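*Asks:* quick one, structure for this:
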Amino acid sequence: MIPKNPKNQCKFNKKLFRKINKIIKNAIIIFFISSISITIIYRRINPPITNFMTYRLTEQIFWFKKPILKKNRLKIEDTPSNLIYGMIWWEDQKFLEHFWFDIQAIQKAYEYNMEMNQTILWWSTITQQTAKNLFLWPSRSYIRKWLELYFTLLLETLRSKERILEVYLNIIEFGNWIYWIQAASQYYFNEPISKLTNNQIAFLVAILPNPRYYQNNINSIYLKKRENIIINSLYKMKWNKDNKVFVREIKD
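*Replies:* Residues are numbered from 1 along each chain as shown. From the prediction side, this is the model:
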């Protein structure tokens, strides 16, 4: 038997460590350069498809279903104002005010997690939801959330609020493989978004937390309650110029 040479073994381990370390460093550099580059590119160019859509399409293929992708882009200037008001009020009232994240909401979610011993509740801003749908995948984990915060930082730094909202409306999911608000309008009401009533707009906003479920449960009592709250908010919405937020006018 040939005796092992501990010196050679040590040299081999150091060489392997350096090689792995170099690969990790290069991967990190490539990640940062590519993520920043794609965010800058999407300032002007509309994303043809997102990571979230790719994930859903992969699911279809895996379950031997015909790949379907329903989408129809809508420019922000062609979006009804009531839809924008409803989205901002229901999804992220401080959207135009906060930069990066809503720290108070994250803190409340963290305190809830600690109290209830959970790790899934974490309220997201519109920018965070845009980052998730554009760059990431659907899951509830802190790893994805930290990546979501990084991409949120990029979006808030490199894009305007108007552009973030436009992208958000054009990539979020409104049902099984239904993306973009215009496609949702055609699917549920067979009408362009410009012809929708406040009740119909309220429905599209109300299904957002769980669109794949409500797509098949449109008569849900809970959904109807959400719609009524949103409809009332459209009539009571006021723009607070000092704080740059939409607020509800409280009436007895």
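
*Asks:* roughly how far apart are Ile143 and Ile36?
*Replies:* Using C-beta to C-beta, to the nearest Å, one gets 20 Å for the distance from Ile143 to Ile36. No exception for glycine: its C-beta is placed from N, CA and C like everyone else's.

*Asks:* those two - which one has more neighbours?
*Replies:* Between Ile143 and Ile36, counted using other C-beta atoms under 10 Å, Ile36 has the larger neighbour count: 13 against 9.

*Asks:* assign the more buried one to helix, strand or coil.
*Replies:* helix (DSSP: H, G, I helix; E, B strand; the rest coil).

*Asks:* now swap in the one 4 residues further on and tell me
*Replies:* When the structure is reduced to helix, strand and coil (three-state DSSP), Ile40 reads as helix.

*Asks:* pretty sure it sits against Leu158.
*Replies:* Yes: if you go by C-beta atoms under 8 Å, Ile40 and Leu158 touch, sitting 5.9 Å apart.

*Asks:* which residues touch Asp78?
*Replies:* Going by C-beta atoms under 8 Å, 6 or more residues apart in numbering, Asp78 touches 193-194.

*Asks:* mind checking pLDDT for it?
*Replies:* Per-residue pLDDT puts Asp78 at 80.

*Asks:* elements contacting the strand or helix carrying Asn13?
*Replies:* Per DSSP states H and E: Asn13 is located in helix 6-41. Helix 6-41 makes packing contacts with helix 142-158 when contacts are defined by 3 or more C-beta pairs under 8 Å, 6 or more residues apart in numbering; DSSP states H and E.

*Asks:* what's the very next helix or strand once past the helix it packs on packed up against?
*Replies:* Note on helix 142-158: by DSSP H and E, the next helix or strand toward the C-terminus is helix 161-169. Helix 161-169 sits against helix 81-91, helix 126-135, with contacts defined as 3+ C-beta pairs under 8 Å, 6+ apart.

*Asks:* buried deepest among the ones you listed, which one?
*Replies:* Across the helices and strands packed on helix 161-169, averaging neighbours per residue (mean count of other C-beta atoms under 10 Å) puts helix 126-135 on top, at a mean of 24.

*Asks:* relative to helix 81-91, how tilted is it?
*Replies:* Angle, helix 126-135 to helix 81-91, by axes from the mean of the first three to the mean of the last three C-alpha atoms, to 10 degrees: 100 degrees.

*Asks:* report the distance from helix 126-135 to the chain centre.
*Replies:* What separates the centre of helix 126-135 from the centre of its chain is 3 Å, taken as C-alpha atoms, centre = their mean, to the nearest Å.

*Asks:* for it, name the packing helices and strands.
*Replies:* helix 51-62, helix 81-91, helix 142-158, helix 161-169.

*Asks:* that's all I had, so thanks and see you.
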